[in-house]
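[1] The sequence and its predicted three-dimensional model are supplied below.
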Amino acid sequence: MPAADATLPIPTGTANHLLGHPPDARLLLLNCDDLGLDESVNLAVIDAVRNGIAASCSLMTPCAAAPHALRLLRRHPEVPFGVHLTLVCESPDRRWGPLTARDRVPSLLDADGDLFAPTPAGRAQLLTQARLDDVEREFRAQIDTVAAAGLTPTHLDFHCLADGGREDVLDLTLALGAEYGLAVRVWLPPALARMRERGLPVVDHGFLDSFTVPVDDKPAHYARLLAALPPGLTEWALHPSLAGPNPRDPQDGWRVRRTDHAFLVSPEAPRLLTEHGITVLGYRTLQEAWRRARGPLVDRTGGPPGVPR
């Protein structure tokens with residue numbers, strides 16, 4: 001598809017056309033983030049995709065429970081998943097570092113030789129000092145870990161860094177996506193305009209992170225959001241887990257995660273989708289559309305694109 005004329009306004013709603021849906025279709029890209037964080041997250045995420053309304057998920061390969069997640073993904077090849085590119089570590093109870101040897105990615109590390117915490121100060125320091133060659137080395141290691149496990153991802157997205165946090169990091173990720181045949185999550189206005197100019201389907205109505213949703217009476221809140229969902233493509237990133245409170249880490253967000261899982265697998269969730277005429281998509285559908293828009297490219301994933309969902 002030729003690029004749009006950059007001198008004209010880029011209309012929203014183009015995602016429906018590029019994804020093969022009528023203009024008035026209400027499309028919800030429903031992805032579960034943080035697969036690999038721990039085993040209770042892994043079990044909840046797989047359950048939410050297989051038995052709930054979620055349609056894809058994103059794997060953090062540096063985390064200690066990533067091998068468990070990879071085993072689950074091999075056991076359930078019908079579950080579409082992407083690589084949740086990870087340059088920060090937020091949990092004092094669940095530490096992880098880069099997959100690349102630390103002496104090969106020094107600009108990604110703090111004064112103690114660890115990944116930065118995703119606090120405002122930590123992210124700012126990381127984005128100030130991170131060298132793009134170090135970022136590329138670590139991103140490739142995270143993607144190649146999946147390939148080494150014999151699995152084929154659908155997309156790339158970022159853990160705690162919206163659109164990569166820097167334009168050159170996003171450009172690098174888009175190039176890696178093209179090389180490996182993957183879609184890339186983008187949701188900030190500058191990147192959205194650029195992707196639309198390239199004929200790539202992206203969200204029309206922003207991005208919901210479930211950590212911003214009130215925990216109290218969450219089912220009713222999600223029901224209101226679904227009732228008000230506009231035509232076009234919207235994305236929700238939910239964070240399910242089965243875990244309860246962690247006395248060693250009381251701020252670990254367990255209530256967000258437990259209530260996300262409960263909603264995703266509830267009988268009410270599919271009823272609401274039917275009632276409001278909402279079609280749920282996963283990233284495999286976007287991967288197919290991005291591949292069509294890009295045309296023939298080198299594809300490092302080594303496997304067929306799979307059945308869209």
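    Sure thing, it's come through.
[2] I'd like to know which elements the longest helix seen in the chain is packed against.
    Longest helix in the chain by number of residues, with DSSP state H as the criterion: helix 132-148. Here helix 132-148 touches strand 81-85, helix 167-180, going by 3 or more C-beta pairs under 8 Å, 6 or more residues apart in numbering; DSSP states H and E. Every residue, glycine included, has its C-beta placed from N, CA and C.
[3] Pull the distance from stretch 171-182 to the chain's centre.
    The chain centroid and the centroid of stretch 171-182 are separated by 14 Å, computed with C-alpha atoms, centre = their mean, to the nearest Å.
[4] Could I get the buried residue list for that stretch?
    By 16 or more other C-beta atoms under 10 Å, the buried positions in stretch 171-182 come out as 172-174, 176-178, 180-182.
[5] Out of those, name the two that are farthest from one another.
    Maximum pairwise distance among the buried residues of stretch 171-182 (C-beta to C-beta): 16.2 Å, between Leu172 and Gly181.
[6] Name every strand pairing with the helix or strand where Asp34 lies and say which way it goes.
    Asp34 is part of strand 26-35 when elements are defined by DSSP states H and E. Sheet partners assigned to strand 26-35 using DSSP bridges are listed as strand 56-59 (parallel), strand 232-238 (parallel), strand 278-281 (parallel).
[7] that older thread, do you know which of the helices and strands packed on helix 132-148 lies nearest Arg71?
    Of all the helices and strands packed on helix 132-148, it is strand 81-85 that lies closest to Arg71, at 12.9 Å by C-beta to C-beta.
[8] quick one, that closest one and strand 232-238 angle?
    Interaxial angle of strand 81-85 relative to strand 232-238 (axes from the mean of the first three to the mean of the last three C-alpha atoms, to 10 degrees): 70 degrees.
[9] among the strands paired with strand 26-35, which is the most enclosed?
    strand 56-59 (a mean of 28; mean count of other C-beta atoms under 10 Å).
[10] And for that one, what's in contact with it?
    Contact with strand 56-59 is made by 30-36, 45-46, 48-49, 66, 69-70, 73, 79-84, 146, 153-155, 157, 237, 282-284, 309, as judged by C-beta atoms under 8 Å, 6 or more residues apart in numbering.
[11] circling back: list the buried ones in the longest helix of the chain?
    Here helix 132-148 shows 134-143, 145-147 as buried, counting by 16+ other C-beta under 10 Å.
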